[in-house]
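K.L.:
coords please:
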Amino acid sequence: MKKRVLSLCSLALVACLTFTSCSIDINDGLGGEESTVTTPTDGVLANGGTLAGTITKDLLIKKGNYTIDGIVKVAANVTLTIEAGAVFNVVTTKTSSLVILQDAKINAQGTISEPIVFTTSTKTPGDWGGITIYGKAPIKAANGNTTAQSEDGNNLSYGGTDANSNSGVMKFVRVEYAGKKIGDGTSETNSMTFYSVGAGTILENLVAYKGTDDGYEFFGGTVSATNLISYGNYDDSFDWQDAWSGQNNSNWFAYQTGTGNFGMEIEASGNSDNTAPKINTVTLIRAANTNPESAGSAEISAIQFKKHGTGIFSNVYISGYKNTGTQKAYAVLIQDAATETSQVLTGKVKVEPINYVNSDNAGVWGYAYVQANPKTFTNAATVTKVSLPTGAWATVDGVNLLAGLQ
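P.N.:
Down below sits the predicted model:
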């Protein structure tokens, strides 16, 4: 059957050589669904084009305005290149997302004045599924498993053995109004999701804007990221599990406004043997009157560690984390004694130096269990906020996303 499908595809492609582009219905091998493959014969998509289905050959998208219609997948051994200034308006009447599969690459390099933007016309949080990348780097999922099934509705296996695997480049890319609910209505995608993405991948100057789940979530892998903005995302601004271990992260800025849970939610899927990721310069700001998704929730602290989660943070500025009702907010919250014993006491959890201001419960870490000797800290005058370049890349509908850093 596979040989017959490939033959039909080849004949169809040949038949389309005389046209500007063609659409071919084939089985994409992912769940047995039929998928439309739009393949411009010259490998270039010009202004006004639509992305739909699975991209099966290298494609260059020129600067201009485009539509993403449904779940668009980039197949293995294919590179999707997007020029600076390209803007994608995503169809919201169905589940839409951009998915870079294992062994595929994205080459999306915007600029400070001409970012690459993914948005929607309705401008409603949760409009679409955001960008998901699958790499081939190692993970440690629950029970130490080296592979797991994705939670993004694609139900794909992720996890590999190449720590330096390369899924491409994303620079000056902004994702707006993502985090669409999927499946049973309780699972959600994030604005940007990285499944077992390797250290050969470059992530720089990215914006996750007003999604209904996490701004960024890392499921294992070794990739690092520089100059991240997570603005107005409903769940956690930054989240990771499956023993993500990026070592060269810097300048992460979260601004929580309206609705927001933890600034950072950190776990290692129950694996005590993990490598702590490192992040230099973190700024977490929670605007006044920002509430958790669920009324009365305890998810209001800046940084939470659980299930053996680890992280080495330096130069940390935190502001605006206030108690809500009977729930208390902390700079750092440790959820379980096992994480304290295996990670905090062994030096794999550090948040220092730290400046925790305009917030409740200053000077102490919080614990969701009885802790006889809570960790204390003194605000460090040497801490500075994240410094990021201003420009169109960090401006949405005339709002400067970096205003909170001033």
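K.L.:
In the protein, where is pLDDT below threshold?
P.N.:
Counting by pLDDT under 70, the chain shows low-confidence ranges at 1-39, 183-186.
K.L.:
Surely residue 342 forms part of a helix?
P.N.:
Yes: with the criterion set as DSSP: H, G, I helix; E, B strand; the rest coil, the secondary structure at residue 342 is a helix.
K.L.:
Against residue 309, how distant is it?
P.N.:
From residue 342 across to residue 309, the span is 10 Å (Cβ to Cβ, to the nearest Å). In short, each C-beta sits where N, CA and C put it, glycine included.
K.L.:
Of these two, which one has the most company?
P.N.:
Here residue 342 and residue 309 are compared on neighbour count by other Cβ atoms under 10 Å; more neighbours surround residue 309, at 30 against 19.
K.L.:
So the more buried one sits against residue 267, correct?
P.N.:
Yes: taking contact to mean Cβ atoms under 8 Å, the distance of 4.1 Å between residue 309 and residue 267 places them in contact.
K.L.:
Mutual contacts of the two, please.
P.N.:
In the contact map built from Cβ atoms under 8 Å, 6 or more residues apart in numbering, the residues linked to both residue 309 and residue 267 are 240, 241.
K.L.:
which residue ranges form the helices in the stretch 301-406 of the chain?
P.N.:
Along the stretch 301-406 of the chain, counting by DSSP state H, counting those that start in this stretch, helices occupy 337-339.
K.L.:
again with the chain
P.N.:
With DSSP state H, the ranges of helices along the chain come out as 2-15, 337-339.
K.L.:
Okay, now stretch 127-139: how far is its last residue from its first?
P.N.:
Across stretch 127-139, the terminal residues are separated by 30 Å (Cα to Cα, to the nearest Å).
K.L.:
go on, stretch 295-313?
P.N.:
Rule used - Cα to Cα; the end-to-end distance of stretch 295-313 is 30 Å.
K.L.:
quick one: buried residues of it?
P.N.:
Of the residues in stretch 295-313, 298-313 count as buried by neighbour count, 16 or more other Cβ atoms under 10 Å.
K.L.:
Check stretch 114-129 too.
P.N.:
Quick answer for stretch 114-129 (16+ other Cβ under 10 Å): 114, 115, 116, 117, 118, 119, 120, 125, 126, 127, 128, 129.
K.L.:
Looking at those residues, which one is closest to residue 375?
P.N.:
Nearest to residue 375, judged by Cβ to Cβ, of the buried residues of stretch 114-129 is residue 125 at 35.1 Å.
K.L.:
where's the closest one relative to residue 244, distance?
P.N.:
Using Cβ to Cβ, one gets 25 Å for the distance from residue 125 to residue 244.
K.L.:
Now, the buried residues of stretch 295-313 that are in strands?
P.N.:
Taking DSSP state E as the definition of strands, the buried residues of stretch 295-313 contribute 303, 304, 305, 306, 311, 312, 313.
K.L.:
and of the residues you listed, the nearest to residue 332?
P.N.:
Where these are concerned, and distances follow Cβ to Cβ, residue 332 has its nearest neighbour in residue 303, at 5.0 Å.
K.L.:
wouldn't the closest one be in contact with residue 264 here?
P.N.:
Yes: with contact defined as Cβ under 8 Å, residue 303 and residue 264 form a contacting pair (4.6 Å).
K.L.:
who touches both of those two?
P.N.:
Residues touching both residue 303 and residue 264 by Cβ under 8 Å, 6+ apart: 284, 311.
K.L.:
Next up, the contacts around the nearest residue to residue 159 once chain neighbours are set aside.
P.N.:
Taking Cβ to Cβ, 6 or more residues apart in numbering as the measure, residue 159 lies nearest to residue 147, with 3.8 Å between them; neighbours along the chain are not counted. Under the criterion of Cβ under 8 Å, 6+ apart, the neighbours of residue 147 are 139, 141, 157, 158, 159.
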